[in-house]
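> Starting from these lines, generate the structure:
(chains A, B, C and D)
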2 protein chains.
Amino acid sequence: MASARKSSKPARRRVGRPRGDAPDLRERLIDAAITEFARIGIGATSLRAVAQAAGATPAMLHYYFGDKQQVTMAVVNERLLPAAAPLQARIEAAGDEPAELAGAFVGGMADMIAANPWLPALWVREVLCEGGALREVVFKRAVPQMPQLLAQRFAAAQARGRLDRRLDPRLMVVSLVGMTLFPAAGAPIWRKVFDASDLDSAALQRHVLALLDHGMGARARARRSAS
Amino acid sequence: MASARKSSKPARRRVGRPRGDAPDLRERLIDAAITEFARIGIGATSLRAVAQAAGATPAMLHYYFGDKQQVTMAVVNERLLPAAAPLQARIEAAGDEPAELAGAFVGGMADMIAANPWLPALWVREVLCEGGALREVVFKRAVPQMPQLLAQRFAAAQARGRLDRRLDPRLMVVSLVGMTLFPAAGAPIWRKVFDASDLDSAALQRHVLALLDHGMGARARARRSAS
DNA sequence: CATCTAATTAACCAATGAATTAATTTATGT
DNA sequence: ACATAAATTAATTCATTGGTTAATTAGATG
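Okay, the predicted model is just below:
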(Lines give C-alpha, C1' and ligand atoms only; values in the text may rest on other atoms or scores of the structure.)
Protein backbone atom coordinates (compact mmCIF):
# COMPACT_ATOMS: atom_id res chain seq x y z
CA MET A 1 0.00 0.00 0.00
CA ALA A 2 0.91 3.65 -0.16
CA SER A 3 2.87 3.11 -3.33
CA ALA A 4 4.26 6.31 -4.68
CA ARG A 5 2.18 7.11 -7.70
CA LYS A 6 4.00 10.04 -9.15
CA SER A 7 1.87 11.13 -12.08
CA SER A 8 -1.57 12.65 -11.71
CA LYS A 9 -3.25 10.00 -13.82
CA PRO A 10 -3.66 6.55 -12.26
CA ALA A 11 -0.85 5.75 -14.67
CA ARG A 12 -2.11 2.39 -15.89
CA ARG A 13 1.17 0.57 -16.26
CA ARG A 14 1.96 -0.53 -19.75
CA VAL A 15 3.02 -3.97 -20.77
CA GLY A 16 6.66 -4.82 -20.48
CA ARG A 17 9.55 -4.60 -18.13
CA PRO A 18 9.17 -1.67 -15.76
CA ARG A 19 11.62 1.21 -15.47
CA GLY A 20 14.30 0.64 -12.92
CA ASP A 21 12.65 1.38 -9.64
CA ALA A 22 10.98 -2.02 -9.17
CA PRO A 23 11.72 -2.81 -5.51
CA ASP A 24 11.93 -6.57 -5.68
CA LEU A 25 8.43 -7.65 -6.48
CA ARG A 26 9.16 -11.20 -5.47
CA GLU A 27 9.61 -10.17 -1.86
CA ARG A 28 6.51 -8.04 -1.96
CA LEU A 29 4.52 -10.96 -3.29
CA ILE A 30 5.67 -13.16 -0.43
CA ASP A 31 4.78 -10.44 2.04
CA ALA A 32 1.36 -10.00 0.50
CA ALA A 33 0.81 -13.75 0.58
CA ILE A 34 1.79 -13.98 4.22
CA THR A 35 -0.55 -11.17 5.15
CA GLU A 36 -3.51 -12.71 3.39
CA PHE A 37 -2.68 -16.21 4.59
CA ALA A 38 -2.62 -14.95 8.16
CA ARG A 39 -5.75 -12.90 7.75
CA ILE A 40 -8.18 -15.37 6.24
CA GLY A 41 -6.25 -18.63 6.00
CA ILE A 42 -4.35 -20.26 3.19
CA GLY A 43 -7.21 -22.28 1.79
CA ALA A 44 -9.44 -19.23 1.61
CA THR A 45 -6.83 -16.99 -0.04
CA SER A 46 -6.91 -16.59 -3.80
CA LEU A 47 -3.80 -15.95 -5.82
CA ARG A 48 -5.54 -13.01 -7.41
CA ALA A 49 -6.01 -11.40 -4.02
CA VAL A 50 -2.35 -11.92 -3.23
CA ALA A 51 -1.25 -10.44 -6.52
CA GLN A 52 -3.58 -7.49 -6.17
CA ALA A 53 -2.37 -6.78 -2.64
CA ALA A 54 1.14 -6.60 -4.03
CA GLY A 55 0.02 -4.40 -6.90
CA ALA A 56 0.72 -7.08 -9.48
CA THR A 57 -1.03 -9.68 -11.61
CA PRO A 58 -1.53 -13.39 -10.97
CA ALA A 59 0.88 -14.06 -13.80
CA MET A 60 3.68 -12.69 -11.67
CA LEU A 61 3.02 -15.32 -9.07
CA HIS A 62 3.29 -17.92 -11.76
CA TYR A 63 6.42 -16.28 -13.07
CA TYR A 64 8.22 -16.23 -9.73
CA PHE A 65 6.84 -19.28 -8.01
CA GLY A 66 4.89 -21.53 -10.33
CA ASP A 67 1.81 -22.54 -8.42
CA LYS A 68 0.11 -21.92 -5.11
CA GLN A 69 1.89 -24.81 -3.45
CA GLN A 70 5.23 -23.23 -4.25
CA VAL A 71 4.08 -19.82 -3.09
CA THR A 72 3.24 -21.49 0.19
CA MET A 73 6.60 -23.19 0.30
CA ALA A 74 8.35 -19.89 -0.25
CA VAL A 75 6.37 -18.37 2.60
CA VAL A 76 7.43 -21.21 4.86
CA ASN A 77 11.06 -21.35 3.85
CA GLU A 78 11.76 -17.66 3.52
CA ARG A 79 9.60 -16.21 6.29
CA LEU A 80 8.13 -18.68 8.72
CA LEU A 81 11.14 -20.85 9.50
CA PRO A 82 13.64 -17.97 9.61
CA ALA A 83 11.34 -16.10 11.96
CA ALA A 84 11.35 -19.00 14.38
CA ALA A 85 15.11 -19.47 14.42
CA PRO A 86 15.99 -16.80 17.04
CA LEU A 87 13.50 -18.26 19.49
CA GLN A 88 15.05 -21.67 19.12
CA ALA A 89 18.53 -20.26 19.67
CA ARG A 90 17.40 -18.40 22.75
CA ILE A 91 15.89 -21.48 24.30
CA GLU A 92 18.99 -23.54 23.59
CA ALA A 93 21.11 -20.89 25.26
CA ALA A 94 18.95 -20.70 28.38
CA GLY A 95 19.91 -22.26 31.70
CA ASP A 96 18.46 -25.45 33.10
CA GLU A 97 16.14 -23.97 35.71
CA PRO A 98 12.44 -24.05 34.83
CA ALA A 99 12.18 -20.33 35.51
CA GLU A 100 14.98 -19.65 33.06
CA LEU A 101 13.52 -21.91 30.41
CA ALA A 102 10.13 -20.29 30.80
CA GLY A 103 11.68 -16.83 30.76
CA ALA A 104 13.58 -17.56 27.58
CA PHE A 105 10.50 -18.97 25.92
CA VAL A 106 8.17 -16.15 26.92
CA GLY A 107 10.68 -13.44 26.06
CA GLY A 108 11.76 -15.07 22.83
CA MET A 109 8.20 -15.55 21.77
CA ALA A 110 7.36 -11.90 22.49
CA ASP A 111 10.29 -10.73 20.40
CA MET A 112 9.45 -13.06 17.58
CA ILE A 113 5.85 -11.85 17.51
CA ALA A 114 6.84 -8.21 17.71
CA ALA A 115 9.11 -8.68 14.71
CA ASN A 116 6.52 -10.71 12.75
CA PRO A 117 2.98 -9.61 13.50
CA TRP A 118 1.53 -12.05 10.99
CA LEU A 119 3.09 -15.04 12.70
CA PRO A 120 0.65 -15.90 15.50
CA ALA A 121 -2.48 -16.15 13.38
CA LEU A 122 -0.69 -18.05 10.62
CA TRP A 123 0.99 -20.45 12.99
CA VAL A 124 -2.12 -21.14 15.04
CA ARG A 125 -4.37 -21.62 12.07
CA GLU A 126 -2.14 -23.44 9.65
CA VAL A 127 0.37 -25.26 11.79
CA LEU A 128 -1.19 -26.04 15.14
CA CYS A 129 -4.84 -26.55 14.29
CA GLU A 130 -5.97 -29.86 12.91
CA GLY A 131 -6.20 -29.78 9.15
CA GLY A 132 -3.85 -26.82 8.93
CA ALA A 133 -2.29 -26.49 5.51
CA LEU A 134 1.28 -26.18 6.82
CA ARG A 135 1.26 -29.03 9.30
CA GLU A 136 2.92 -31.57 7.06
CA VAL A 137 5.39 -29.15 5.56
CA VAL A 138 6.56 -27.64 8.81
CA PHE A 139 6.84 -30.98 10.54
CA LYS A 140 9.04 -32.38 7.85
CA ARG A 141 11.55 -29.79 8.99
CA ALA A 142 13.52 -29.41 12.16
CA VAL A 143 10.71 -27.68 13.98
CA PRO A 144 9.59 -30.50 16.27
CA GLN A 145 13.03 -30.47 17.82
CA MET A 146 12.35 -27.29 19.76
CA PRO A 147 9.33 -28.45 21.74
CA GLN A 148 10.99 -31.81 22.28
CA LEU A 149 14.13 -30.18 23.59
CA LEU A 150 12.10 -27.98 25.91
CA ALA A 151 10.10 -30.91 27.21
CA GLN A 152 13.25 -32.89 27.86
CA ARG A 153 14.80 -30.08 29.83
CA PHE A 154 11.66 -29.63 31.87
CA ALA A 155 11.69 -33.35 32.54
CA ALA A 156 15.32 -33.20 33.64
CA ALA A 157 14.52 -30.31 35.96
CA GLN A 158 11.65 -32.30 37.39
CA ALA A 159 13.94 -35.25 38.00
CA ARG A 160 16.22 -32.91 39.96
CA GLY A 161 13.24 -31.79 42.02
CA ARG A 162 13.11 -28.34 40.49
CA LEU A 163 9.73 -28.72 38.81
CA ASP A 164 6.57 -29.71 40.61
CA ARG A 165 5.79 -33.41 40.38
CA ARG A 166 2.17 -32.84 39.43
CA LEU A 167 3.11 -31.03 36.25
CA ASP A 168 3.75 -32.86 33.01
CA PRO A 169 6.92 -31.69 31.26
CA ARG A 170 5.39 -32.10 27.83
CA LEU A 171 2.24 -30.26 28.78
CA MET A 172 4.44 -27.47 30.11
CA VAL A 173 5.40 -26.78 26.52
CA VAL A 174 1.78 -26.89 25.44
CA SER A 175 0.79 -24.52 28.25
CA LEU A 176 3.57 -22.12 27.36
CA VAL A 177 2.46 -21.93 23.75
CA GLY A 178 -1.12 -21.55 24.87
CA MET A 179 -0.25 -18.63 27.09
CA THR A 180 1.91 -16.75 24.61
CA LEU A 181 1.45 -17.55 20.93
CA PHE A 182 -2.25 -18.22 21.17
CA PRO A 183 -3.11 -14.99 23.03
CA ALA A 184 -1.19 -13.09 20.40
CA ALA A 185 -3.26 -14.67 17.65
CA GLY A 186 -6.46 -13.75 19.44
CA ALA A 187 -5.35 -10.35 20.70
CA PRO A 188 -7.77 -8.30 18.59
CA ILE A 189 -10.74 -10.14 20.04
CA TRP A 190 -9.94 -10.09 23.72
CA ARG A 191 -8.69 -6.55 23.50
CA LYS A 192 -12.12 -5.67 22.25
CA VAL A 193 -14.02 -7.86 24.68
CA PHE A 194 -12.17 -6.54 27.69
CA ASP A 195 -11.74 -3.06 26.35
CA ALA A 196 -8.10 -3.67 27.12
CA SER A 197 -6.06 -1.45 24.90
CA ASP A 198 -3.79 -0.97 27.91
CA LEU A 199 -2.67 -4.60 27.86
CA ASP A 200 0.43 -4.76 25.74
CA SER A 201 3.05 -7.40 25.16
CA ALA A 202 4.99 -6.45 28.31
CA ALA A 203 1.88 -6.78 30.47
CA LEU A 204 1.20 -10.20 29.03
CA GLN A 205 4.76 -11.30 29.72
CA ARG A 206 4.59 -10.15 33.33
CA HIS A 207 1.28 -11.89 33.84
CA VAL A 208 2.42 -15.18 32.35
CA LEU A 209 5.71 -15.24 34.22
CA ALA A 210 3.92 -14.46 37.47
CA LEU A 211 1.43 -17.23 36.88
CA LEU A 212 4.20 -19.69 36.06
CA ASP A 213 6.21 -18.64 39.07
CA HIS A 214 3.66 -19.08 41.80
CA GLY A 215 0.19 -19.73 40.39
CA MET A 216 -2.90 -17.80 41.27
CA GLY A 217 -2.83 -17.89 45.06
CA ALA A 218 -2.09 -14.64 46.85
CA ARG A 219 0.84 -15.05 49.15
CA ALA A 220 1.43 -12.59 51.97
CA ARG A 221 5.17 -12.57 51.52
CA ALA A 222 6.12 -13.28 47.97
CA ARG A 223 8.76 -15.94 47.83
CA ARG A 224 11.86 -14.72 46.07
CA SER A 225 12.56 -17.19 43.34
CA ALA A 226 16.09 -17.83 42.16
CA SER A 227 16.70 -15.84 39.03
CA MET B 1 -37.34 -47.36 -23.45
CA ALA B 2 -34.54 -44.99 -22.72
CA SER B 3 -34.36 -45.80 -19.03
CA ALA B 4 -30.70 -46.64 -18.97
CA ARG B 5 -29.86 -48.49 -15.80
CA LYS B 6 -32.41 -49.78 -13.43
CA SER B 7 -31.14 -53.23 -12.77
CA SER B 8 -27.85 -54.64 -11.47
CA LYS B 9 -26.52 -51.41 -9.92
CA PRO B 10 -28.30 -51.04 -6.59
CA ALA B 11 -27.30 -47.59 -5.35
CA ARG B 12 -27.97 -44.55 -7.54
CA ARG B 13 -31.04 -42.99 -5.99
CA ARG B 14 -33.72 -41.85 -8.37
CA VAL B 15 -35.18 -38.39 -8.53
CA GLY B 16 -37.97 -37.53 -6.17
CA ARG B 17 -38.93 -37.71 -2.56
CA PRO B 18 -37.34 -40.73 -0.90
CA ARG B 19 -39.28 -43.53 0.69
CA GLY B 20 -39.86 -42.99 4.36
CA ASP B 21 -36.55 -43.78 5.93
CA ALA B 22 -34.94 -40.34 5.52
CA PRO B 23 -33.31 -39.71 8.92
CA ASP B 24 -33.50 -35.94 9.03
CA LEU B 25 -31.13 -34.84 6.33
CA ARG B 26 -31.15 -31.30 7.60
CA GLU B 27 -29.38 -32.31 10.78
CA ARG B 28 -26.93 -34.46 8.86
CA LEU B 29 -26.10 -31.52 6.63
CA ILE B 30 -25.36 -29.31 9.62
CA ASP B 31 -23.20 -32.02 11.10
CA ALA B 32 -21.32 -32.46 7.86
CA ALA B 33 -20.83 -28.71 7.59
CA ILE B 34 -19.49 -28.46 11.12
CA THR B 35 -17.04 -31.26 10.51
CA GLU B 36 -15.68 -29.73 7.34
CA PHE B 37 -15.65 -26.24 8.80
CA ALA B 38 -13.62 -27.47 11.73
CA ARG B 39 -11.32 -29.54 9.56
CA ILE B 40 -10.23 -27.08 6.91
CA GLY B 41 -11.93 -23.82 7.84
CA ILE B 42 -15.13 -22.20 6.66
CA GLY B 43 -13.62 -20.17 3.84
CA ALA B 44 -11.94 -23.23 2.40
CA THR B 45 -14.99 -25.46 2.61
CA SER B 46 -17.15 -25.88 -0.48
CA LEU B 47 -20.83 -26.57 -0.31
CA ARG B 48 -20.28 -29.47 -2.66
CA ALA B 49 -17.99 -31.08 -0.12
CA VAL B 50 -20.51 -30.56 2.65
CA ALA B 51 -23.32 -32.04 0.61
CA GLN B 52 -21.21 -34.98 -0.45
CA ALA B 53 -20.13 -35.69 3.11
CA ALA B 54 -23.79 -35.89 4.05
CA GLY B 55 -24.57 -38.06 1.05
CA ALA B 56 -26.65 -35.40 -0.63
CA THR B 57 -26.49 -32.79 -3.39
CA PRO B 58 -25.72 -29.07 -3.13
CA ALA B 59 -29.33 -28.38 -4.01
CA MET B 60 -30.36 -29.78 -0.65
CA LEU B 61 -28.29 -27.15 1.08
CA HIS B 62 -30.11 -24.54 -0.91
CA TYR B 63 -33.43 -26.20 -0.13
CA TYR B 64 -32.90 -26.27 3.61
CA PHE B 65 -30.78 -23.21 4.21
CA GLY B 66 -30.57 -20.94 1.20
CA ASP B 67 -26.96 -19.96 0.87
CA LYS B 68 -23.63 -20.58 2.53
CA GLN B 69 -24.09 -17.68 4.92
CA GLN B 70 -27.26 -19.24 6.26
CA VAL B 71 -25.64 -22.64 6.53
CA THR B 72 -23.03 -20.96 8.68
CA MET B 73 -25.69 -19.26 10.76
CA ALA B 74 -27.42 -22.57 11.32
CA VAL B 75 -24.14 -24.07 12.49
CA VAL B 76 -23.67 -21.22 14.92
CA ASN B 77 -27.21 -21.09 16.25
CA GLU B 78 -27.95 -24.78 16.39
CA ARG B 79 -24.58 -26.21 17.37
CA LEU B 80 -21.95 -23.72 18.47
CA LEU B 81 -23.93 -21.55 20.88
CA PRO B 82 -25.91 -24.41 22.43
CA ALA B 83 -22.66 -26.28 22.99
CA ALA B 84 -21.24 -23.36 24.95
CA ALA B 85 -24.25 -22.87 27.19
CA PRO B 86 -23.44 -25.51 29.84
CA LEU B 87 -19.98 -24.05 30.35
CA GLN B 88 -21.46 -20.64 30.94
CA ALA B 89 -23.97 -22.03 33.45
CA ARG B 90 -21.24 -23.89 35.29
CA ILE B 91 -19.12 -20.79 35.62
CA GLU B 92 -22.02 -18.74 36.87
CA ALA B 93 -22.77 -21.37 39.48
CA ALA B 94 -19.19 -21.54 40.73
CA GLY B 95 -18.02 -19.96 43.97
CA ASP B 96 -16.03 -16.78 44.23
CA GLU B 97 -12.62 -18.24 45.02
CA PRO B 98 -10.14 -18.18 42.13
CA ALA B 99 -9.52 -21.90 42.55
CA GLU B 100 -13.22 -22.58 42.21
CA LEU B 101 -13.60 -20.35 39.20
CA ALA B 102 -10.63 -21.97 37.53
CA GLY B 103 -11.91 -25.43 38.43
CA ALA B 104 -15.31 -24.71 36.96
CA PHE B 105 -13.77 -23.31 33.80
CA VAL B 106 -11.30 -26.14 33.26
CA GLY B 107 -13.83 -28.83 34.05
CA GLY B 108 -16.61 -27.24 32.07
CA MET B 109 -14.34 -26.77 29.10
CA ALA B 110 -13.25 -30.40 29.21
CA ASP B 111 -16.84 -31.60 29.25
CA MET B 112 -17.81 -29.27 26.44
CA ILE B 113 -14.94 -30.49 24.29
CA ALA B 114 -15.62 -34.14 25.05
CA ALA B 115 -19.22 -33.68 23.95
CA ASN B 116 -18.29 -31.67 20.83
CA PRO B 117 -14.97 -32.77 19.36
CA TRP B 118 -15.26 -30.34 16.48
CA LEU B 119 -15.54 -27.35 18.75
CA PRO B 120 -11.91 -26.47 19.59
CA ALA B 121 -10.63 -26.23 16.04
CA LEU B 122 -13.70 -24.36 14.85
CA TRP B 123 -13.67 -21.94 17.74
CA VAL B 124 -9.96 -21.24 17.56
CA ARG B 125 -9.88 -20.78 13.82
CA GLU B 126 -13.11 -18.97 13.16
CA VAL B 127 -13.87 -17.13 16.37
CA LEU B 128 -10.66 -16.34 18.16
CA CYS B 129 -8.19 -15.83 15.34
CA GLU B 130 -8.11 -12.54 13.56
CA GLY B 131 -10.13 -12.64 10.37
CA GLY B 132 -12.16 -15.59 11.58
CA ALA B 133 -15.43 -15.94 9.72
CA LEU B 134 -17.54 -16.24 12.87
CA ARG B 135 -16.08 -13.39 14.85
CA GLU B 136 -18.74 -10.85 14.00
CA VAL B 137 -21.63 -13.27 14.26
CA VAL B 138 -20.65 -14.76 17.59
CA PHE B 139 -19.87 -11.41 19.13
CA LYS B 140 -23.24 -10.02 18.24
CA ARG B 141 -24.58 -12.61 20.65
CA ALA B 142 -24.32 -12.95 24.39
CA VAL B 143 -20.96 -14.68 24.21
CA PRO B 144 -18.71 -11.84 25.37
CA GLN B 145 -20.58 -11.84 28.66
CA MET B 146 -18.91 -15.01 29.84
CA PRO B 147 -15.30 -13.84 29.66
CA GLN B 148 -16.33 -10.49 31.07
CA LEU B 149 -18.10 -12.10 33.97
CA LEU B 150 -15.10 -14.29 34.68
CA ALA B 151 -12.72 -11.36 34.55
CA GLN B 152 -14.91 -9.37 36.91
CA ARG B 153 -15.00 -12.17 39.43
CA PHE B 154 -11.26 -12.61 39.24
CA ALA B 155 -10.91 -8.87 39.77
CA ALA B 156 -13.20 -9.02 42.79
CA ALA B 157 -11.18 -11.90 44.24
CA GLN B 158 -8.04 -9.91 43.69
CA ALA B 159 -9.55 -6.96 45.53
CA ARG B 160 -10.25 -9.29 48.45
CA GLY B 161 -6.64 -10.38 48.38
CA ARG B 162 -7.41 -13.85 47.08
CA LEU B 163 -5.65 -13.49 43.75
CA ASP B 164 -2.04 -12.50 43.35
CA ARG B 165 -1.54 -8.82 42.68
CA ARG B 166 0.83 -9.38 39.82
CA LEU B 167 -1.77 -11.21 37.77
CA ASP B 168 -4.18 -9.39 35.51
CA PRO B 169 -7.78 -10.57 35.96
CA ARG B 170 -8.55 -10.18 32.28
CA LEU B 171 -5.44 -12.02 31.21
CA MET B 172 -6.42 -14.79 33.58
CA VAL B 173 -9.31 -15.51 31.26
CA VAL B 174 -7.00 -15.40 28.25
CA SER B 175 -4.57 -17.76 29.96
CA LEU B 176 -7.33 -20.16 30.88
CA VAL B 177 -8.55 -20.36 27.32
CA GLY B 178 -4.98 -20.74 26.12
CA MET B 179 -4.38 -23.66 28.45
CA THR B 180 -7.58 -25.55 27.71
CA LEU B 181 -9.36 -24.78 24.45
CA PHE B 182 -6.24 -24.13 22.48
CA PRO B 183 -4.44 -27.33 23.51
CA ALA B 184 -7.54 -29.25 22.50
CA ALA B 185 -7.47 -27.68 19.06
CA GLY B 186 -3.83 -28.61 18.64
CA ALA B 187 -3.98 -31.99 20.31
CA PRO B 188 -3.27 -34.07 17.20
CA ILE B 189 -0.02 -32.22 16.65
CA TRP B 190 1.50 -32.23 20.08
CA ARG B 191 0.36 -35.78 20.67
CA LYS B 192 2.41 -36.68 17.64
CA VAL B 193 5.38 -34.48 18.49
CA PHE B 194 5.64 -35.77 22.03
CA ASP B 195 4.50 -39.27 21.19
CA ALA B 196 2.03 -38.65 23.97
CA SER B 197 -0.95 -40.88 23.38
CA ASP B 198 -1.01 -41.32 27.14
CA LEU B 199 -1.95 -37.69 27.74
CA ASP B 200 -5.71 -37.54 27.82
CA SER B 201 -8.17 -34.90 28.89
CA ALA B 202 -7.91 -35.82 32.57
CA ALA B 203 -4.13 -35.48 32.50
CA LEU B 204 -4.42 -32.07 30.91
CA GLN B 205 -6.90 -30.96 33.56
CA ARG B 206 -4.63 -32.11 36.41
CA HIS B 207 -1.67 -30.36 34.85
CA VAL B 208 -3.47 -27.08 34.28
CA LEU B 209 -5.04 -27.00 37.73
CA ALA B 210 -1.68 -27.76 39.32
CA LEU B 211 -0.02 -25.00 37.36
CA LEU B 212 -2.74 -22.55 38.31
CA ASP B 213 -2.60 -23.58 41.93
CA HIS B 214 1.05 -23.14 42.65
CA GLY B 215 3.03 -22.48 39.50
CA MET B 216 6.07 -24.42 38.40
CA GLY B 217 8.21 -24.34 41.51
CA ALA B 218 8.64 -27.57 43.41
CA ARG B 219 7.49 -27.23 46.96
CA ALA B 220 8.53 -29.72 49.62
CA ARG B 221 5.15 -29.80 51.32
CA ALA B 222 2.31 -29.01 48.99
CA ARG B 223 0.10 -26.33 50.42
CA ARG B 224 -3.48 -27.49 50.85
CA SER B 225 -5.63 -24.99 49.05
CA ALA B 226 -9.08 -24.14 50.35
CA SER B 227 -11.72 -25.97 48.40
C1' DC C 1 23.91 -0.52 -32.11
C1' DA C 2 22.07 -5.41 -32.19
C1' DT C 3 20.81 -8.96 -29.65
C1' DC C 4 19.53 -11.40 -25.73
C1' DT C 5 17.38 -11.74 -21.29
C1' DA C 6 14.33 -10.28 -17.45
C1' DA C 7 9.99 -8.53 -16.06
C1' DT C 8 5.60 -7.38 -16.90
C1' DT C 9 0.46 -7.00 -18.77
C1' DA C 10 -3.56 -8.58 -21.05
C1' DA C 11 -6.01 -12.16 -22.37
C1' DC C 12 -7.26 -16.58 -22.04
C1' DC C 13 -8.72 -21.57 -20.51
C1' DA C 14 -10.42 -25.32 -17.94
C1' DA C 15 -12.10 -26.48 -13.44
C1' DT C 16 -14.56 -25.50 -9.55
C1' DG C 17 -17.66 -22.69 -6.84
C1' DA C 18 -22.26 -20.92 -5.27
C1' DA C 19 -26.77 -20.59 -6.29
C1' DT C 20 -30.95 -21.80 -8.79
C1' DT C 21 -34.57 -24.26 -11.49
C1' DA C 22 -37.34 -27.88 -13.52
C1' DA C 23 -38.73 -32.29 -13.19
C1' DT C 24 -39.80 -36.14 -10.48
C1' DT C 25 -41.28 -38.96 -6.78
C1' DT C 26 -43.35 -39.90 -2.32
C1' DA C 27 -46.20 -38.55 1.55
C1' DT C 28 -50.24 -36.45 3.54
C1' DG C 29 -54.63 -34.39 4.25
C1' DT C 30 -59.44 -34.20 2.84
C1' DA D 1 -59.23 -40.77 -5.11
C1' DC D 2 -57.33 -36.46 -5.62
C1' DA D 3 -54.97 -32.43 -4.82
C1' DT D 4 -51.37 -30.48 -2.55
C1' DA D 5 -47.11 -30.38 0.08
C1' DA D 6 -42.43 -32.13 0.91
C1' DA D 7 -38.08 -33.92 -0.56
C1' DT D 8 -35.06 -35.07 -3.77
C1' DT D 9 -31.89 -35.35 -8.37
C1' DA D 10 -30.15 -33.64 -12.60
C1' DA D 11 -29.00 -29.96 -15.06
C1' DT D 12 -27.89 -25.33 -15.64
C1' DT D 13 -26.13 -20.45 -14.99
C1' DC D 14 -22.84 -17.23 -13.80
C1' DA D 15 -18.73 -15.87 -11.11
C1' DT D 16 -14.27 -17.03 -9.35
C1' DT D 17 -10.06 -19.61 -9.18
C1' DG D 18 -5.68 -21.68 -10.39
C1' DG D 19 -2.81 -21.72 -13.98
C1' DT D 20 -0.86 -20.54 -18.69
C1' DT D 21 0.61 -18.05 -22.89
C1' DA D 22 1.78 -14.47 -26.19
C1' DA D 23 3.02 -9.98 -26.70
C1' DT D 24 5.51 -6.11 -25.08
C1' DT D 25 8.95 -3.30 -22.99
C1' DA D 26 13.23 -2.18 -20.43
C1' DG D 27 17.70 -3.38 -19.12
C1' DA D 28 22.08 -5.96 -19.95
C1' DT D 29 25.69 -7.58 -22.87
C1' DG D 30 28.60 -7.75 -26.56
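
> now check the lowest-mean-pLDDT helix or strand in chain A, is it near chain B?
None of the helices or strands of chain A scores lower by mean pLDDT, DSSP states H and E than helix A:135-140, at a mean of 89. Yes. Helix A:135-140 is in contact with chain B by Cβ under 8 Å from any Cβ of the partner chain, via A:R135, A:F139. C-betas here are computed from N, CA, C, even on glycine.

> Closest to the geometric centre of chain A, which residue is that? Let me know.
For chain A, the residue nearest the mean C-alpha position is A:L119 (2.9 Å; Cα atoms, centre = their mean).

> If I follow the layout properly, A:A210 ends up in contact with B:D164?
Yes. Using Cβ atoms under 8 Å, A:A210 makes contact with B:D164 at a distance of 6.4 Å.

> got any residues that touch both of the two?
Applying Cβ atoms under 8 Å, 6 or more residues apart in numbering or on different chains, one finds that no residue jointly contacts A:A210 and B:D164.

> Grab the longest helix from chain A for me.
For chain A, the helix reaching the highest residue count under DSSP state H is reported as helix A:169-193.

> what angle separates that one from helix B:169-185?
Orientation note: helix A:169-193 sits at an angle of 130 degrees relative to helix B:169-185 (axes from the mean of the first three to the mean of the last three Cα atoms, to 10 degrees).

> Mean confidence (pLDDT) on stretch A:198-213, please.
In this model, stretch A:198-213 has an average pLDDT of 97.

> That stretch: which residues count as buried?
For stretch A:198-213, a neighbour-count test (16 or more other Cβ atoms under 10 Å in any protein chain shown) marks A:L199, A:S201, A:L204, A:Q205, A:H207, A:V208, A:L209, A:A210, A:L211, A:L212, A:D213 as buried.

> Tell me which residues are up against that stretch.
For stretch A:198-213, the external contacting residues (Cβ under 8 Å, 6+ apart) are A:99, A:102-103, A:106-107, A:110, A:113-114, A:179-180, A:183, A:191, A:225, B:164, B:166-168, B:170-172, B:174-175, B:211-212, B:215-217.

> could you flag which of those are buried?
Buried members of the contacts of stretch A:198-213, scored by 16+ other Cβ under 10 Å, are A:99, A:102-103, A:106-107, A:110, A:113, A:179-180, A:183, A:191, B:164, B:167-168, B:170-172, B:174-175, B:211-212, B:215-217.

> Other residues contacting stretch A:75-88?
If you take Cβ under 8 Å, 6+ apart as the criterion, stretch A:75-88 is touched by A:30, A:33-34, A:37, A:105, A:108-109, A:111-112, A:115-116, A:119, A:122-123, A:134, A:137-138, A:141, A:143, A:145-146.

> typo on my end, stretch A:111-120
With Cβ under 8 Å, 6+ apart as the test, stretch A:111-120 has contacts from A:34-35, A:37-38, A:79-80, A:83-84, A:86-87, A:180-182, A:184-185, A:187, A:201.

> where in chain A is pLDDT low?
Scanning chain A for pLDDT under 70 picks out A:1-23, A:218-227.

> which residues in it form helices?
For chain A, helices defined by DSSP H occupy the ranges A:25-40, A:47-53, A:58-64, A:68-75, A:81-93, A:98-115, A:119-123, A:135-140, A:145-159, A:169-193, A:201-214.

> Quick one: list the elements packing against the second one.
Right, the one you point to is helix A:47-53. Taking 3 or more Cβ pairs under 8 Å, 6 or more residues apart in numbering or on different chains; DSSP states H and E as contact, the helices and strands that helix A:47-53 lies on are helix A:25-40, helix A:58-64, helix A:68-75.

> ok, and which of the ones you listed has the densest surroundings?
helix A:25-40 (a mean of 21; mean count of other Cβ atoms under 10 Å in any protein chain shown).

> ok, how many other residues are close to A:G66?
A:G66: 12 surrounding residues under other Cβ atoms under 10 Å in any protein chain shown.

> Check A:A156 too.
As a burial measure, A:A156 scores 13 neighbours (other Cβ under 10 Å).

> For it, which residues are in contact?
Counted by Cβ under 8 Å, 6+ apart, A:A156 has contacts A:D96.

> measure it to chain B for me?
Distance of A:A156 to chain B, given as Cβ to the nearest Cβ, to the nearest Å: 13 Å.

> do A:W190 as well
A:W190 sits 5 Å away from chain B, going by Cβ to the nearest Cβ.

> And for A:L163?
From A:L163 across to chain B, the span is 6 Å (Cβ to the nearest Cβ).
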